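>>> model this:
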Amino acid sequence: MTDVRHTITTTAAPRTVYALLADAASWPVNFSPTVHVEHLQRPDGDGGTERIRIWALAGDTVKAWTSRRELDPGTLRITFRQEVSQPPVASMSGAWTLEALPDGGTRIVLDHGYRAVDDDPAALAWIADVTDRNSRAELANLKALAERAATGPANRLTFDDTILVEGGRPQDAYAFLHEASRWPDRLPHVSRMELVEDEPGVQVMEMDSITRTGDRHTTRSVRICFAGERIVYKQTVLPPLLAAHTGEWRVAAVDGGITLTSRHTVVINPEAVAGVLGDTATVADALEFARTALTGNSRITLEHARSFAQGDPALVSGG
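This next block holds a predicted model:
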């Protein structure tokens, strides 16, 4: 086993930091390397055992694994162990430990212990590099989030848009959302799409979209696809106004048809608000600006998915 330790200090209180670490469902928004988290087993109450499936960026690739976590709010410690690792990782375990400082702040300690498949030196070097970069990013994210939670304004918003599709088939609506490579032929605001799916269900996409003012906007995202049901994604190249952006497309059968839902969670970068929206703009103004822009494109996509599911010949044959 190779053991490594990363640390950082924050002015935030230990309980504030612990709450952020315990909330695994929010990691895709809170931590830049994490793409998506699925709960397989939730803890009973504030502490106990949980099992989670994690998709995260590892250099230029997306890796997935299943982890078991033991949450102990009494000692402010969370231990973890990968039950199912993905090569070249053979095993990975560690712990988050929070130490109260005399000034009321916290020393955050992140420990890892790992092995490479066949103890391969090249694989071990790759794991060491990824673990170091991701740990530093997570600690920096955690410090900023904890300190903003204690002193800063609310800069996060989650919102949904849902439409009803009468008489449509769920598999057709899902196919439209899944086949993003065909969006330039099917959606008026998408002019270019590069999509790679090296592993089934994990898509990396770069898209050019046209704004209402005619400007071209490039985004890059990772999408995790749950066949026939939903697609979750994280934007990995962000515009200056956003510190984080995650989303979800969901298809659900209802009486008489299906519902299609688009969900967004955005986090505003407060330091960028004035430069993007003007000196008098606030974080609240930035949240509303982001909501308006994202809702506009989502509604267009949902409406076209509805038409596709209802058999619109132009969309069915297009692309």
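>>> show me where the stretch 1-150 of the chain has strands.
Taking DSSP state E, counting those that start in this stretch as the test, the strands found in the stretch 1-150 of the chain are 2-10, 34-41, 48-58, 61-72, 77-84, 89-100, 106-116.
>>> tilt between the last one and strand 77-84?
Here strand 106-116 runs at 20 degrees with respect to strand 77-84, directions being taken by axes from the mean of the first three to the mean of the last three C-alpha atoms, to 10 degrees.
>>> mean neighbour count added to the strands of the stretch 1-150 of the chain, as JSON lines?
All C-beta atoms are positioned from the backbone trio N, CA, C, and that covers glycine. As requested, these are exported to JSON lines (neighbours: other C-beta atoms under 10 Å):
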{"stretch": "strand 2-10", "mean neighbour count": "15"}
{"stretch": "strand 34-41", "mean neighbour count": "18"}
{"stretch": "strand 48-58", "mean neighbour count": "18"}
{"stretch": "strand 61-72", "mean neighbour count": "18"}
{"stretch": "strand 77-84", "mean neighbour count": "16"}
{"stretch": "strand 89-100", "mean neighbour count": "18"}
{"stretch": "strand 106-116", "mean neighbour count": "19"}
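>>> quick one: residues contacting residue 174.
Going by C-beta atoms under 8 Å, 6 or more residues apart in numbering, residue 174 touches 227-229, 251.
>>> of all the strands of the stretch 1-150 of the chain, which lies closest to residue 141?
For the strands of the stretch 1-150 of the chain, proximity to residue 141 was assessed by C-beta to C-beta; strand 34-41 is nearest, at 9.4 Å.
>>> next, the angle from that closest one to strand 61-72.
50 degrees.
>>> ok, and what's touching strand 34-41?
Contacts with strand 34-41, where a contact means C-beta under 8 Å, 6+ apart, come from 24-25, 27-28, 49-57, 62, 66, 222, 224, 232-234, 246.
>>> figure out which of the strands of the stretch 1-150 of the chain is closest to residue 310.
Relative to residue 310, the nearest member of the strands of the stretch 1-150 of the chain by C-beta to C-beta is strand 34-41, separated by 29.9 Å.
>>> what lines up beside that closest one in the sheet?
The strands beside strand 34-41 in its sheet (DSSP bridges) come out as strand 48-58 (antiparallel).
>>> please state the offset of the partner strand from the chain centre?
Its chain's C-alpha centre and that of strand 48-58 lie 12 Å apart, by C-alpha atoms, centre = their mean, to the nearest Å.
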